[in-house]
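Visitor: Next come a sequence and a model predicted from it.
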Amino acid sequence: MAIALFSGGQDSTTLLLWTRQELREPLQALSFSYGQRHSVELEAAARIAQKLGIPHTILDWGPFWERLGVPSALTAAQPIETPAEGLPTSFVPGRNLLFLTAAAVWGYPRGETTLLIGASEVDYSGYPDCRGDFLEAAQRAIGLALARPVRVLAPFLHWNKAQLWRYVESLGYQEFIAEETHTCYLGERTRRHPWGYGCGHCPACQLRAAGYAQAFG
Ligand code: ZN
(Lines give C-alpha, C1' and ligand atoms only; values in the text may rest on other atoms or scores of the structure.)
Protein backbone atom coordinates (compact mmCIF):
# COMPACT_ATOMS: atom_id res chain seq x y z
CA MET A 1 0.00 0.00 0.00
CA ALA A 2 1.14 3.54 -0.79
CA ILE A 3 0.56 6.16 1.90
CA ALA A 4 1.09 9.77 0.81
CA LEU A 5 1.63 12.59 3.28
CA PHE A 6 -0.94 15.06 2.10
CA SER A 7 -1.40 18.66 3.24
CA GLY A 8 -3.76 19.99 0.60
CA GLY A 9 -0.96 22.10 -0.89
CA GLN A 10 0.43 22.17 -4.41
CA ASP A 11 3.30 19.75 -3.85
CA SER A 12 1.41 17.03 -2.02
CA THR A 13 -1.58 17.22 -4.37
CA THR A 14 0.82 16.79 -7.29
CA LEU A 15 2.25 13.88 -5.32
CA LEU A 16 -1.16 12.17 -5.26
CA LEU A 17 -1.44 12.60 -9.03
CA TRP A 18 2.10 11.27 -9.56
CA THR A 19 1.52 8.25 -7.33
CA ARG A 20 -1.74 7.37 -9.00
CA GLN A 21 -0.01 7.63 -12.37
CA GLU A 22 3.27 5.86 -11.59
CA LEU A 23 2.69 3.27 -8.85
CA ARG A 24 0.53 0.18 -9.06
CA GLU A 25 -0.39 0.17 -5.39
CA PRO A 26 -3.60 1.14 -3.58
CA LEU A 27 -3.17 4.77 -2.56
CA GLN A 28 -4.16 6.34 0.72
CA ALA A 29 -3.77 10.04 1.55
CA LEU A 30 -2.87 10.93 5.13
CA SER A 31 -3.16 14.40 6.69
CA PHE A 32 -2.42 15.68 10.15
CA SER A 33 -4.26 18.22 12.21
CA TYR A 34 -1.56 19.67 14.48
CA GLY A 35 -2.76 23.10 15.39
CA GLN A 36 -2.22 24.79 12.03
CA ARG A 37 -3.19 28.43 12.21
CA HIS A 38 -5.52 28.12 9.24
CA SER A 39 -8.12 25.42 8.76
CA VAL A 40 -8.33 26.19 5.01
CA GLU A 41 -5.42 23.80 4.40
CA LEU A 42 -7.18 20.76 5.85
CA GLU A 43 -10.46 21.77 4.26
CA ALA A 44 -8.67 21.89 0.91
CA ALA A 45 -7.13 18.48 1.60
CA ALA A 46 -10.50 16.87 2.30
CA ARG A 47 -12.10 18.45 -0.77
CA ILE A 48 -9.22 17.50 -3.11
CA ALA A 49 -9.08 13.87 -1.94
CA GLN A 50 -12.81 13.57 -2.44
CA LYS A 51 -12.65 15.07 -5.95
CA LEU A 52 -9.79 12.76 -6.90
CA GLY A 53 -11.57 9.75 -5.39
CA ILE A 54 -8.59 8.93 -3.14
CA PRO A 55 -9.26 7.56 0.37
CA HIS A 56 -8.21 10.18 2.92
CA THR A 57 -7.66 10.14 6.66
CA ILE A 58 -6.94 13.09 8.94
CA LEU A 59 -5.11 12.23 12.15
CA ASP A 60 -5.89 14.75 14.88
CA TRP A 61 -2.83 15.55 17.01
CA GLY A 62 -4.35 18.63 18.60
CA PRO A 63 -1.93 21.52 19.20
CA PHE A 64 0.96 19.04 19.31
CA TRP A 65 3.96 21.39 18.93
CA GLU A 66 2.43 24.04 21.11
CA ARG A 67 2.03 21.46 23.90
CA LEU A 68 5.72 20.68 23.59
CA GLY A 69 6.46 24.36 23.93
CA VAL A 70 7.76 24.62 20.36
CA PRO A 71 5.47 26.98 18.48
CA SER A 72 6.33 27.82 14.88
CA ALA A 73 4.85 30.53 12.71
CA LEU A 74 2.60 27.85 11.19
CA THR A 75 1.07 26.91 14.54
CA ALA A 76 1.13 30.17 16.52
CA ALA A 77 0.50 33.83 15.86
CA GLN A 78 4.09 34.64 14.84
CA PRO A 79 5.15 36.47 11.71
CA ILE A 80 6.65 34.39 8.90
CA GLU A 81 10.23 35.55 8.60
CA THR A 82 13.36 34.27 6.96
CA PRO A 83 16.36 35.46 8.95
CA ALA A 84 19.70 36.06 7.21
CA GLU A 85 21.04 33.04 9.10
CA GLY A 86 19.12 30.03 10.39
CA LEU A 87 15.75 28.62 9.44
CA PRO A 88 12.54 30.47 8.57
CA THR A 89 10.08 30.88 11.46
CA SER A 90 7.72 28.61 9.49
CA PHE A 91 9.94 25.60 10.27
CA VAL A 92 8.10 23.00 12.40
CA PRO A 93 10.87 20.97 14.10
CA GLY A 94 10.72 17.22 13.55
CA ARG A 95 7.54 17.41 11.50
CA ASN A 96 8.48 15.18 8.58
CA LEU A 97 10.16 12.55 10.78
CA LEU A 98 7.11 12.36 13.04
CA PHE A 99 4.70 12.30 10.10
CA LEU A 100 6.65 9.58 8.25
CA THR A 101 6.89 7.51 11.43
CA ALA A 102 3.17 7.88 12.12
CA ALA A 103 2.36 6.97 8.52
CA ALA A 104 4.54 3.85 8.74
CA VAL A 105 2.90 2.82 12.02
CA TRP A 106 -0.51 3.42 10.51
CA GLY A 107 0.44 1.23 7.54
CA TYR A 108 2.00 -1.48 9.75
CA PRO A 109 -1.06 -3.76 10.02
CA ARG A 110 -1.81 -3.15 6.35
CA GLY A 111 1.28 -4.93 5.01
CA GLU A 112 4.11 -3.69 2.81
CA THR A 113 4.25 0.08 2.95
CA THR A 114 5.50 2.73 0.57
CA LEU A 115 5.58 6.19 2.13
CA LEU A 116 5.40 9.17 -0.21
CA ILE A 117 6.40 12.71 0.61
CA GLY A 118 6.36 15.79 -1.61
CA ALA A 119 9.66 17.15 -0.28
CA SER A 120 12.04 19.02 -2.58
CA GLU A 121 15.66 19.95 -2.05
CA VAL A 122 15.33 22.70 -4.61
CA ASP A 123 12.48 24.91 -3.32
CA TYR A 124 12.54 23.79 0.28
CA SER A 125 13.04 26.98 2.31
CA GLY A 126 16.07 25.39 3.96
CA TYR A 127 14.09 22.87 6.00
CA PRO A 128 16.53 20.10 6.99
CA ASP A 129 13.81 17.45 6.94
CA CYS A 130 13.22 17.97 3.21
CA ARG A 131 16.70 16.77 2.28
CA GLY A 132 17.59 13.48 0.62
CA ASP A 133 20.07 12.43 3.31
CA PHE A 134 17.38 12.83 5.96
CA LEU A 135 14.82 10.86 3.94
CA GLU A 136 17.28 7.98 3.38
CA ALA A 137 18.10 7.89 7.08
CA ALA A 138 14.40 8.02 8.00
CA GLN A 139 13.65 5.07 5.71
CA ARG A 140 16.36 3.04 7.39
CA ALA A 141 15.46 4.08 10.94
CA ILE A 142 11.74 3.44 10.53
CA GLY A 143 12.41 0.09 8.86
CA LEU A 144 14.66 -0.93 11.76
CA ALA A 145 12.15 0.30 14.34
CA LEU A 146 9.35 -1.75 12.80
CA ALA A 147 11.56 -4.69 11.75
CA ARG A 148 9.93 -4.46 8.37
CA PRO A 149 11.16 -2.92 5.14
CA VAL A 150 9.64 0.49 4.53
CA ARG A 151 10.15 2.45 1.34
CA VAL A 152 10.28 6.25 1.48
CA LEU A 153 9.79 7.87 -1.93
CA ALA A 154 10.23 11.57 -2.61
CA PRO A 155 9.74 11.78 -6.40
CA PHE A 156 10.06 15.59 -6.45
CA LEU A 157 13.29 15.76 -4.47
CA HIS A 158 15.13 17.40 -7.38
CA TRP A 159 12.18 19.22 -8.94
CA ASN A 160 11.50 22.91 -8.68
CA LYS A 161 8.05 24.49 -8.64
CA ALA A 162 8.09 25.12 -12.40
CA GLN A 163 8.62 21.40 -13.02
CA LEU A 164 5.68 20.59 -10.74
CA TRP A 165 3.48 22.98 -12.73
CA ARG A 166 4.59 21.51 -16.05
CA TYR A 167 4.00 17.97 -14.79
CA VAL A 168 0.39 18.66 -13.76
CA GLU A 169 -0.20 20.46 -17.05
CA SER A 170 0.93 17.30 -18.87
CA LEU A 171 -1.74 15.38 -16.93
CA GLY A 172 -4.42 18.00 -17.61
CA TYR A 173 -4.56 19.07 -13.96
CA GLN A 174 -3.03 22.56 -14.09
CA GLU A 175 -6.32 24.35 -13.47
CA PHE A 176 -7.33 21.82 -10.81
CA ILE A 177 -4.09 22.52 -8.90
CA ALA A 178 -4.52 26.29 -9.22
CA GLU A 179 -8.16 26.25 -8.11
CA GLU A 180 -8.16 23.59 -5.41
CA THR A 181 -4.80 23.49 -3.64
CA HIS A 182 -3.84 25.83 -0.84
CA THR A 183 -0.35 27.15 -0.17
CA CYS A 184 -0.60 30.67 1.31
CA TYR A 185 0.83 30.97 4.83
CA LEU A 186 -1.78 33.62 5.67
CA GLY A 187 -4.75 31.42 4.75
CA GLU A 188 -5.86 33.94 2.12
CA ARG A 189 -8.52 32.47 -0.23
CA THR A 190 -10.35 35.44 -1.66
CA ARG A 191 -7.80 36.79 -4.14
CA ARG A 192 -7.47 34.59 -7.23
CA HIS A 193 -4.34 34.74 -9.38
CA PRO A 194 -3.53 32.58 -12.43
CA TRP A 195 -1.58 30.30 -10.05
CA GLY A 196 -4.35 30.08 -7.47
CA TYR A 197 -5.54 31.81 -4.31
CA GLY A 198 -3.28 33.60 -1.88
CA CYS A 199 -1.96 36.87 -0.51
CA GLY A 200 0.74 36.95 -3.21
CA HIS A 201 3.39 38.21 -0.79
CA CYS A 202 4.24 35.49 1.74
CA PRO A 203 7.20 33.19 0.90
CA ALA A 204 4.86 30.32 -0.03
CA CYS A 205 2.84 32.47 -2.44
CA GLN A 206 6.01 33.91 -3.96
CA LEU A 207 7.50 30.46 -4.63
CA ARG A 208 4.25 29.25 -6.14
CA ALA A 209 3.78 32.33 -8.33
CA ALA A 210 7.42 32.35 -9.49
CA GLY A 211 7.21 28.66 -10.44
CA TYR A 212 4.05 29.29 -12.41
CA ALA A 213 5.61 32.24 -14.23
CA GLN A 214 8.72 30.18 -15.01
CA ALA A 215 6.65 27.27 -16.31
CA PHE A 216 4.18 29.18 -18.45
CA GLY A 217 5.80 32.56 -18.97
ZN1 ZN B 1 0.44 34.08 0.84
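Guide: Cool, the structure landed. Residues are numbered from 1 along each chain as shown.

Visitor: what residues does this structure put near the ion?
Guide: Residues of the chain lying close to the ion by C-beta under 5 Å from the ion are Cys184, Leu186, Gly198, Cys199, Cys202, Cys205. For the C-beta atoms, the positions are set from N, CA and C on the backbone; glycine is no exception.

Visitor: Recalculate using a threshold of 6 Å.
Guide: Residues of the chain lying close to the ion (C-beta under 6 Å from the ion) are Cys184, Tyr185, Leu186, Glu188, Gly198, Cys199, Cys202, Ala204, Cys205.

Visitor: Of these, which is the nearest to Leu115?
Guide: Ala204 (23.4 Å; C-beta to C-beta).

Visitor: how close does Leu27 get to Gly8?
Guide: 16 Å (C-beta to C-beta, to the nearest Å).

Visitor: Contact partners for the closest residue to Pro63 other than its chain neighbours?
Guide: Excluding its sequence neighbours, the residue lying closest to Pro63 (C-beta to C-beta, 6 or more residues apart in numbering) is Gly35, at 3.5 Å. With contact set as C-beta atoms under 8 Å, 6 or more residues apart in numbering, Gly35 has these partners: Trp61, Gly62, Pro63, Phe64, Trp65, Glu66, Thr75.

Visitor: if we go to 7 Å?
Guide: With contacts defined as C-beta atoms under 7 Å, 6 or more residues apart in numbering, the neighbours of Gly35 are Gly62, Pro63, Phe64, Trp65, Glu66, Thr75.

Visitor: What lies in contact with stretch 77-93?
Guide: Contacts of stretch 77-93 (C-beta under 7 Å, 6+ apart): 65, 70-75, 125-127, 185, 202-203.

Visitor: Provide the strand pairings for the strand ranked longest in the chain, with the direction of each partner.
Guide: Criterion DSSP state E: the longest strand present in the chain is strand 27-33. Sheet pairing for strand 27-33, assigned by DSSP bridges, gives strand 2-5 (parallel), strand 56-60 (parallel).

Visitor: Out of those, flag the one nearest Arg95.
Guide: Comparison of the strands paired with strand 27-33 against Arg95 by C-beta to C-beta identifies strand 2-5 as nearest, at 9.7 Å.

Visitor: Quick check: the gap between the most far-flung residue of the chain relative to its centre and Thr75.
Guide: Going by C-alpha atoms, centre = their mean, the residue of the chain most distant from its centre is Ala147, 26.6 Å out. According to C-beta to C-beta, Ala147 stands 33 Å off from Thr75.

Visitor: chain center to stretch 10-22: distance?
Guide: Relative to its chain's centre, stretch 10-22 lies at 10 Å (C-alpha atoms, centre = their mean, to the nearest Å).
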